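K.L.:
fold the stuff below for me.
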Amino acid sequence: MSELQLGLLGIGILVVVGVLVYNKLQEARLRRQSEEAFGSRHDDVLLGGKAAARERIEPTLSEVPGEEPAQATGGVLDSGIDFIAALEAKNAVAGEAISSAIVDSLASPGKAVGWEGYNRQTASWEPLAAGGEYQILRAGLQLADRKGAASEQDLSGFGAMVQAVASAIGATCTLGEVAAALQRAQQLDTLCAEVDVQIGLNLVARSGAFQGSKIRAFAEAHGFALERDGRFCRRDEAGLELYTLCNAEAPAFSAESMKTLASRGLTLLFDVARAPGGIAAFDRFVEFARGLAGTLSAGIVDDNRRPLDDAALGKIRAQLQALYASMEQQGIPAGSPLALRLFS
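P.N.:
Now for the predicted structure:
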């Protein structure tokens, strides 16, 4: 290769190197200008920089429209004694329209049916109000009462009823399991048969007759009031009946007749399942009976006129303790709202 060729080759190499250096310098200058313009030197989290180690925040969903919050309170219906159906409309429906749909369903199940609407403002269940608006509803068929357990036919009629109402107001309807409801109905009926007991203590005169004025004075001094049905009734602070006192003979008590009434027999009644207070209420009932018997010089006997001494009353008390325990185990304490509904 001649000297001329070597010289041209050297010049070519220098030109190529110069172009490469110039391009690198231009690239560096443009990068600095870009960073200054957009002001970001943070690591790219997608490329595994340090920022990728930050805590990840997952997206959350807000409450689904129309969904009942878990903390809803109030209401009377209870899955313990009711077969419950849930209804949800696309839009809020006037309470009056819902009531009309219930009437138009023409259903008449053999057990009591209750309806409730969910109030979003108070986050609670409430009885349907004509002026209210509800998107979420529930209906309940009582599974048992003093007449017996709900039948499969009762549940079927109830299901047809709520389906008709749901169709009328444009709502979806969800029913519980029929088999489970029938089983619970039988359990409740067995409980009713066990604990649906009324304790009657009869006071009979040892001689002569009881004077109405004396009966009234003693009863009122112990918190009884004469009610329209002709009985003296002792109630608790909430107005729930504890026990009653009535005339074992005709006529029933009345405000007009008490001054002249004379009776040879009185009956004290204690409704075990409906009276609140459990065994303590029974003890007060017996204490009152003993006090009244002492005041009137009467004997305490059962319905067969057999004397009820302390030993006999102690046996009754022991039996009641077992019944109260059974009610507690079922979650239906004596005198509770559920007990008052079940033993109605």
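
K.L.:
okay, now L323: neighbour count?
P.N.:
Residues near L323, counting by other CB atoms under 10 Å, number 19. No exception for glycine: its C-beta is placed from N, CA and C like everyone else's.

K.L.:
with K147 instead?
P.N.:
A count of nearby residues for K147, using other CB under 10 Å, gives 10.

K.L.:
ok, F224 to P333 distance?
P.N.:
24 Å (CB to CB, to the nearest Å).

K.L.:
so those two - more neighbours on which side?
P.N.:
The neighbour count for F224 versus P333, taken as other CB under 10 Å, is higher for F224 (21 against 16).

K.L.:
just the pLDDT at that one, thanks.
P.N.:
Looking at F224, its pLDDT is 98.

K.L.:
now the one 10 residues further on
P.N.:
As predicted, R234 sits at a pLDDT of 97.

K.L.:
am I right that it is in contact with L226?
P.N.:
No - R234 is beyond contact range of L226, at 11.4 Å (criterion: CB atoms under 8 Å).

K.L.:
the two: which is more packed in?
P.N.:
R234 (21 against 18).

K.L.:
tell me the contacts of A86?
P.N.:
68, 136-138, 173-174 (CB atoms under 8 Å, 6 or more residues apart in numbering).

K.L.:
quick one: pLDDT of the most centrally placed residue in the chain?
P.N.:
Centroid-nearest residue in the chain, with CA atoms, centre = their mean: D78, separated by 4.2 Å. Predicted confidence (pLDDT) for D78: 95.

K.L.:
which SS state does it fall under?
P.N.:
At D78 the chain is in coil, as set by DSSP: H, G, I helix; E, B strand; the rest coil.

K.L.:
for the stretch 1-150 of the chain, what spans make up the helices?
P.N.:
Secondary structure of the stretch 1-150 of the chain (DSSP state H, counting those that start in this stretch): helices at 3-38, 95-104.

K.L.:
which of these has the lowest mean pLDDT?
P.N.:
Minimum mean pLDDT among the helices of the stretch 1-150 of the chain: helix 3-38, a mean of 48.

K.L.:
Q330: neighbour count?
P.N.:
19.

K.L.:
also A185?
P.N.:
Quick note: A185 (other CB under 10 Å) scores 24 neighbours.

K.L.:
how much space separates it from G110?
P.N.:
11 Å.

K.L.:
got any residues that touch both of these two?
P.N.:
With CB under 8 Å, 6+ apart, A185 and G110 have common neighbours A150.

K.L.:
average pLDDT for the lengthiest strand in the chain, rounded please.
P.N.:
Across the chain, the strand with the greatest residue count (assigned by DSSP state E) is strand 82-94. Strand 82-94 shows a mean pLDDT of 96.

K.L.:
next one: stretch 311-325
P.N.:
96.

K.L.:
touching that stretch from outside, list them.
P.N.:
194-195, 197, 199, 272, 278-279, 282-283, 286, 302, 333-334.

K.L.:
quick one: residues contacting the residue nearest to the centre of the chain.
P.N.:
So D78 contacts 140, 338 (CB under 8 Å, 6+ apart).

K.L.:
check L188 too.
P.N.:
81, 143-144, 149, 330, 342.

K.L.:
my guess is it is in a helix, correct?
P.N.:
Yes - judged by three-state DSSP, L188 forms part of a helix.
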